[in-house]
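Peer 1: Provide a 3D model corresponding to the input given below.
(one chain, ligands or ions: 1)
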Amino acid sequence: MPQPKYRKIAVIGYRSVGKSSLTIQFVEGQFVDSYDPTIENTFNKLVNVRGQDFNLQLVDTAGQDEYSIFPQSHSMDIHGYVLVYSVTSMKSFEVVQSLHDKLLDMVGKIQVPTVLVGNKKDLHMERVIKHEEGKKLADSWGAAFMESSAKENETAVEVFKRIILEMEKADGNVQQEEKKCIVM
Ligand SMILES: Nc1nc2c(ncn2[C@@H]2O[C@H](COP(=O)(O)OP(=O)(O)OP(=O)(O)O)[C@@H](O)[C@H]2O)c(=O)[nH]1
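Peer 2: Down below sits the predicted model:
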């Protein structure tokens, strides 16, 4: 049995987009309806993807805006990034673009393993960002894209499995052929 791989993941985005809710849904399997702004929380979870155990450390970061100074700690020892916006908030979509730019500047690379997530997809009536817009942005970054609802366990799990696959790809552990059709 291979040893578990330790991977540290930062969850980043504008305020109130659902970073904590997605992380808690994944780690604890529950949705918390109340809003309690995060300073920073760390969670650990062991997951198995394709027969490999991953010992994940998830850093749920404080909400940022385009004026925030991107904390240096968010670029150190991090293997993958979950960048979150809310499909109900144009502001959060703009902010996630600025955060991505700052992130690349900080790590000094042109690409890092990233999943762009459009959260709150359950709020159909309040949607202002189309699926295609999110996908286009992620494509321009060379990142994976998905929409989620922190109310559903399934999509929260998918977000974190997707970032594991992105990190594995970056490490050369996913065959080219598999990239076209990713089976979870
Ligand atoms: N309907 C719906 N509400 C959500 C979803 N995700 C989060 N919320 C709600 O949105 C509010 C903010 O969620 P949080 O998870 O605290 O957001 P956050 O991004 O961690 O916020 P900060 O700590 O300020 O950065 C809470 O009231 C959540 O219950 C979702 O997918 N659907």
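Peer 1: rest of the way, CA atoms for contacts and neighbours
Peer 2: Noted.
Peer 1: show me what the spatially closest residue to residue 139 that is not a sequence neighbour bridges to in the sheet.
Peer 2: Residue nearest to residue 139 in three dimensions, not counting chain neighbours: residue 145, with 7.9 Å by C-alpha to C-alpha, 6 or more residues apart in numbering. Beta bridges link residue 145 to residue 116 when assigned by DSSP bridges.
Peer 1: residue 147 contacts residue 123, correct?
Peer 2: No - Residue 147 is not in contact with residue 123 according to C-alpha atoms under 8 Å; the separation is 11.7 Å.
Peer 1: the more surrounded of these two?
Peer 2: residue 147 (22 against 12; other C-alpha atoms under 10 Å).
Peer 1: return the residues in contact with that one.
Peer 2: 117-121, 131, 155 (C-alpha atoms under 8 Å, 6 or more residues apart in numbering).
Peer 1: before we move on, back to that, number of residues surrounding the residue nearest to residue 139?
Peer 2: Other residues close to residue 145 by other C-alpha under 10 Å number 22.
Peer 1: my read: it touches residue 119, true?
Peer 2: No - using C-alpha under 8 Å, residue 145 makes no contact with residue 119, being 11.0 Å away.
Peer 1: ok, now how distant is the spatially most central residue of the chain from residue 161?
Peer 2: Nearest to the geometric centre of the chain sits residue 82, at 1.7 Å (C-alpha atoms, centre = their mean). To residue 161, residue 82 is 11 Å away according to C-alpha to C-alpha, to the nearest Å.
Peer 1: try residue 111
Peer 2: Plainly put, residue 111 is 19 Å away from residue 161 if you go by C-alpha to C-alpha.
Peer 1: quick one: the helix or strand containing residue 161 near the ligand?
Peer 2: Using DSSP states H and E, residue 161 sits in helix 153-170. No - Helix 153-170 lies out of reach of the ligand by C-alpha under 6 Å from any ligand atom, never closer than 9.1 Å.
Peer 1: which other helices and strands contact that helix?
Peer 2: If you count contacts as 3 or more C-alpha pairs under 8 Å, 6 or more residues apart in numbering; DSSP states H and E, helix 153-170 packs onto helix 19-28, strand 80-86, strand 114-119, strand 144-147.
Peer 1: same for the second one, what does it pack against?
Peer 2: Using 3+ C-alpha pairs under 8 Å, 6+ apart as the contact test, the elements touching strand 80-86 are strand 5-13, helix 90-107, strand 114-119, helix 153-170.
Peer 1: 10 Å instead?
Peer 2: strand 5-13, helix 19-28, strand 52-61, helix 90-107, strand 114-119, strand 144-147, helix 153-170 (3 or more C-alpha pairs under 10 Å, 6 or more residues apart in numbering; DSSP states H and E).
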